[in-house]
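*Asks:* pasting the sequence and the predicted coordinates here, then a few questions.
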Amino acid sequence: MNILNLDDFSVEQIEKILNLAEEFKNGKKVDYEGKKVISNLFFEPSTRTHYSFDMAALRLGCKTQNFDSGNSSLKKGESLYDTVKTFEMFGTDALVIRHVENEYYNQLVGKINIPILNAGDGTGNHPSQSLLDLLTIKQEFGKFEGLKIVIVGDIKHSRVAHTNIKVMQRLGMTVYISGPEEYKEEGYNYVELDEIIDKVDIVMLLRVQHERHSTSMQETVEEYHKAYGLNKQRVDQMKPTSIIMHPAPFNRGVEIADDVVECEKSRIFKQVQNGVYVRMALIHVALEENI
Ligand code: NCD
């Protein structure tokens with residue numbers, strides 16, 4: 001089955017995926033004994049998502065193929081569909097795809113006959129990131145209902161924010177948004193960071209998505225850091241039980257101060273670790289056509 005957009009999954013199915021990921025964390029073994037091949041097709045840069053999908057496949061005993069977009073026939077004008085169809089014809093068992101176009105998968109669904117796992121579509125969806133964020137929150141608080149989160153930064157261009165806002169609200173969380181005027185989007189609950197920071201359970205920071213902007217950012221790095229960056233003073237305002245998250249890559253000294261990245265409240269590297277368990281669960285669900 002395809003895993004493209006969390007809107008396609010019920011809350012119950014999301015809970016099941018998280019439980020399966022937790023089982024993998026606790027040592028559950030599934031071994032495809034080298035009989036399944038997962039192809040990672042990243043048409044946009046990636047470190048965590050790409051290589052944790054790869055690691056997850058290897059941990060499940062799958063073999064992997066990693067498409068090198070920079071040295072591929074994309075340079076000769078080959079389309080997304082033709083590239084993806086080619087991998088299907090090679091005989092791969094599932095495709096992990098990241099692409100710059102929002103909902104790129106709509107041009108593939110119905111024409112590609114093996115599971116597609118969406119590893120990020122433009123500014124649209126990032127289901128595996130959102131699930132690993134949810135797993136991290138669940139491990140910390142044991143629930144979602146009633147939790148408060150503030151997501152800070154470039155909301156407009158962030159597929160992480162777009163995916164998380166929707167699913168977190170469905171799970172009963174209160175989602176506040178903070179960030180520069182130029183990256184504002186209608187319909188969200190905007191607040192001043194310094195007014196909410198002592199009231200939320202989670203502060204989630206985002207990277208400014210420069211690669212998706214047509215003009216450069218209005219603020220200087222220093223101005224951005226002063227207004228929206230998480231520094232030690234702001235961390236000291238947070239509740240004793242609250243945590244810091246970031247999908248990474250993070251820019252030290254911009255949205256997060258250097259000494260906050262690995263502070264006691266930070267779960268940033270735990271998110272990275274959870275990414276492997278969540279992606280093991282997703283690959284397993286996709287291959288077994290079952291959730
Ligand atoms: C995010 C992405 O690619 O959307 N990174 C990730 O997958 N961990 C966020 C980002 O690039 O800022």
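*Replies:* On my side now, so go ahead.
*Asks:* quick check: residue 244 is in a strand.
*Replies:* Yes - under DSSP: H, G, I helix; E, B strand; the rest coil, residue 244 falls within a strand.
*Asks:* what residues are up against it?
*Replies:* Applying Cβ atoms under 8 Å, 6 or more residues apart in numbering to residue 244 gives the contacts 202-205, 230, 235, 238, 256, 260, 263, 265-268. C-betas here are computed from N, CA, C, even on glycine.
*Asks:* go again with 7 Å.
*Replies:* 203, 230, 260, 265-268 (Cβ atoms under 7 Å, 6 or more residues apart in numbering).
*Asks:* neighbour-wise, which one of these leads?
*Replies:* residue 203 (28 neighbours; other Cβ atoms under 10 Å).
*Asks:* how far away is it from residue 250?
*Replies:* To residue 250, residue 203 is 13 Å away according to Cβ to Cβ, to the nearest Å.
*Asks:* how is whichever residue of the chain sits closest to the ligand assigned, secondary-structure-wise?
*Replies:* In the chain, no residue comes nearer to the ligand than residue 207, which is 3.6 Å away by Cβ to the nearest ligand atom. Following three-state DSSP, residue 207 is assigned to coil.
*Asks:* could you tell me which of the contacts of residue 244 belong to strands?
*Replies:* residue 203 (DSSP state E).
*Asks:* report the two of the contacts of residue 244 separated the most.
*Replies:* By the measure Cβ to Cβ, 230 and 267 form the most distant pair in these, at 12.9 Å.
*Asks:* would you mark the buried spots in stretch 55-63?
*Replies:* 56-57, 59-60, 62 (16 or more other Cβ atoms under 10 Å).
*Asks:* end to end, how far does it reach?
*Replies:* 10 Å (Cα to Cα, to the nearest Å).
*Asks:* which bits of the stretch 151-291 of the chain sit near the ligand?
*Replies:* By the rule Cβ under 6 Å from any ligand atom, the part of the stretch 151-291 of the chain lying against the ligand is 159-160, 207, 247-248.
*Asks:* just the pLDDT at the spatially closest residue to residue 218 that is not a sequence neighbour, thanks.
*Replies:* Of all residues not flanking residue 218 in the chain, residue 182 sits nearest, at 5.7 Å (Cβ to Cβ, 6 or more residues apart in numbering). pLDDT recorded at residue 182 is 90.
*Asks:* the one 5 residues further on too?
*Replies:* In this prediction, residue 187 carries a pLDDT score of 93.
*Asks:* counting neighbours, what do you get for it?
*Replies:* 7.
*Asks:* dihedrals phi and psi, it?
*Replies:* Torsion angles at residue 187 (phi, psi; degrees, to the nearest 10) stand at phi 90, psi 0.
*Asks:* swap in residue 233?
*Replies:* Backbone torsions of residue 233, given as degrees, to the nearest 10, read phi -60, psi -40.
*Asks:* now do it against residue 55, distance only.
*Replies:* 37 Å.
*Asks:* strands of the chain, start to end?
*Replies:* With DSSP E as the criterion, the chain has strands at 37-42, 63-66, 94-99, 116-121, 148-152, 174-178, 202-205, 243-245.
*Asks:* helices of the stretch 151-291 of the chain, residue ranges please.
*Replies:* Shown for the stretch 151-291 of the chain, the helices assigned by DSSP state H, counting those that start in this stretch span residues 159-170, 193-196, 221-228, 232-237, 268-288.
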